[in-house]
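*Asks:* Let's see this in three dimensions:
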Amino acid sequence: MSRVGKYPVPVPAGVQVALQGRTLVAKGKNGELKLDLTDDVDVEVAANQVAVSPRRDDRRSRTMWGTTRSLINGMVTGVSTGFTKSMEITGTGYRAAVQGKDLVLALGFSHEVRYPIPPGISIVCERPTAIKVSGADKQRVGQVAAEIRAYRGPEPYKGKGVRYDNEVILRKEGKKK
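*Replies:* A predicted model of the protein is given here:
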């Protein structure tokens, strides 16, 4: 039995959730998100909550019960408050700036890296070494942050590179004489 799936998802004020066939649509101040539902679960939209229940008593239905509830909760949270990933750049000469619809990164290469900002995602650089990725879709925010980090991940000797704010870099000891 799912421990997550049995709790209904509360819908805050200012968010509309509607069921259109096998698609759940959530609208709020941060935009609109859609979720295609599987055939293993049933979703009921009440006044200010969304309840998920399994259709059958098999392993797949119970698995998708909790997963669907978590996805719906992420949608509701995303359209009401949104999600943010903060990143830090460490290294001499390493910096970031937003120019038009591109994020321009100087990461120690012979050229600057231009990352086109996808629609639905906003990127802000408060300082040249700080990047904030935000948006309504939790998966897309995490994916964009991972793609930016992949250009120059943190290395274990000096800690240079792009890392998440809450990430701990395990440092290695350097060469000994």
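
*Asks:* biggest helix in this structure by residues?
*Replies:* If you go by DSSP state H, the chain has its longest helix at helix 59-80.

*Asks:* how far does stretch 17-28 sit from the chain's center?
*Replies:* The chain centroid and the centroid of stretch 17-28 are separated by 20 Å under C-alpha atoms, centre = their mean, to the nearest Å.

*Asks:* ditto for stretch 90-99
*Replies:* Using C-alpha atoms, centre = their mean, the offset of stretch 90-99 from its chain centre is 22 Å.

*Asks:* ok so, going back, now the longest helix of the chain: buried residues?
*Replies:* The neighbour-count check on helix 59-80 (16 or more other C-beta atoms under 10 Å) flags 61-80 as buried. Placement of C-beta: from N, CA and C, glycine included.

*Asks:* Could you do stretch 115-135 as well?
*Replies:* Tyr115, Ile121, Ile123, Cys125, Ile131, Val133, Ser134, Gly135.

*Asks:* in the chain, which segments are predicted with low confidence?
*Replies:* Within the chain, the stretches with pLDDT under 70 are 1-2.

*Asks:* which residues in it form strands?
*Replies:* With DSSP state E as the criterion, the chain has strands at 9-10, 16-20, 23-28, 31-36, 41-45, 49-54, 83-90, 95-99, 102-106, 113-116, 121-124, 130-135, 161-164.

*Asks:* Give me the domain ranges for this structure.
*Replies:* 9-80, 83-164 (automatic domain parsing).

*Asks:* Let me have those in a markdown table, extended by distance to Arg3.
*Replies:* Formatted as a markdown table, the domains of the chain follow (distance: least, C-beta to C-beta, whole Å):
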| stretch | distance to Arg3 |
| --- | --- |
| domain 9-80 | 7 |
| domain 83-164 | 21 |
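
*Asks:* Give me the neighbour count for Asp58.
*Replies:* 10 (other C-beta atoms under 10 Å).

*Asks:* Could you check how far it is from Met64?
*Replies:* Asp58 sits 10 Å away from Met64, going by C-beta to C-beta, to the nearest Å.

*Asks:* Please apply the same query to Gly100.
*Replies:* For Gly100, the distance to Met64 - C-beta to C-beta - is 41 Å.

*Asks:* Just to check, Cys125 is in contact with Ala96?
*Replies:* Yes: counting by C-beta atoms under 8 Å, Cys125 touches Ala96, with 5.0 Å between them.

*Asks:* For the nearest residue to Glu167 once chain neighbours are set aside, give me its contacts.
*Replies:* Counting by C-beta to C-beta, 6 or more residues apart in numbering, Glu167 lies nearest to Pro154, which is 7.3 Å off, once chain neighbours are set aside. Residues in contact with Pro154 (C-beta atoms under 8 Å, 6 or more residues apart in numbering) are Thr90, Lys160, Gly161, Val162, Arg163, Glu167, Ile169.
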